[in-house]
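# the sequence isn't on hand, but the structure is:
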């Protein structure tokens, strides 16, 4: 989905632009996925699982940009990618058309500056415009910083998937299911 860019002021006074991702962001997005996966154990993939080619990533970003039912945005600070977030429908069956799923990650250097809150707020507005009635997400139960952000943004816990994730060290981790009604 195409949407207007939005400028915000970060807690440290710098400007941040929230804008649609575009095919020109492909190289930066691949680097972002690898680095954010290395910076925290709480994302779904490990850095070595980021296997996208530039051409493949360009196609994905172009498709999302033209899809009226999906939104992907990048947060840019000082001309550099600081983070990425998206909402997309969870399926095509009529009984679930009202639901979308949220994904978000920021480079660790940008945590705590207000970018996550701003991105979720803007994505919420855009999800309403699309016609979604609720946003779902899953979060690793130990990820207290993310859980606090989601609660601050109006999400409530609705359940738990026990042993939903198995890390490379063999440990199992629960996922919390959270929902925000629009």
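Happy to help now that I have it. Remember, predicted model here, so these are calculated numbers, not experimental data.

# may I see the buried residues of the top helix by length along the chain?
For the chain, the helix with the greatest residue count under DSSP state H is helix 115-130. Buried residues in helix 115-130, defined by neighbour count with 16 or more other CB atoms under 10 Å: 115, 116, 118, 119, 120, 121, 122, 123, 124, 126, 127, 130. To be clear about C-beta, it is placed using only N, CA and C from the backbone, and glycine gets the same treatment.

# tell me the one of those nearest residue 169?
residue 116 (27.0 Å; CB to CB).

# pLDDT score for that closest one?
pLDDT recorded at residue 116 is 98.

# correct me, but it touches residue 105?
No: here residue 116 does not reach residue 105: they are 9.2 Å apart, not a contact under CB atoms under 8 Å.

# joint contacts of the two?
83, 85 (CB atoms under 8 Å, 6 or more residues apart in numbering).

# would you check how far apart the residue nearest the centre of the chain and residue 67 are?
A centroid search over the chain (CA atoms, centre = their mean) returns residue 104, at 2.0 Å, as the residue closest to the centre. For residue 104, the distance to residue 67 (CB to CB, to the nearest Å) stands at 18 Å.

# also residue 153?
23 Å.

# for these two, indicate the residue with more neighbours.
residue 153 (19 against 15; other CB atoms under 10 Å).

# quick one, what contacts that one?
By CB under 8 Å, 6+ apart, the neighbours of residue 153 are 117, 120, 121, 124, 180.

# ditto for residue 156
178, 179, 180 are the contacts of residue 156 under CB under 8 Å, 6+ apart.

# how about the helices in this structure?
Under DSSP H, the chain gives helices at 26-39, 54-66, 115-130, 144-152.

# so which of the ones you listed comes closest to residue 162?
Among the helices of the chain, helix 144-152 sits nearest to residue 162 (CB to CB), with 16.7 Å.

# what residues of that closest one count as buried?
Buried, per 16+ other CB under 10 Å, within helix 144-152: 146, 147, 149, 150.

# what about it, distance to the chain center?
The chain centroid and the centroid of helix 144-152 are separated by 14 Å, computed with CA atoms, centre = their mean, to the nearest Å.

# ok, stretch 6-14 next?
The answer for stretch 6-14 is 19 Å, by CA atoms, centre = their mean.

# ok, stretch 48-62 next?
With CA atoms, centre = their mean, you get 16 Å for stretch 48-62.

# ditto for stretch 19-38
Distance, centroid of stretch 19-38 to centroid of chain: 12 Å (CA atoms, centre = their mean).

# residue 78 versus residue 65, what's the distance?
23 Å.
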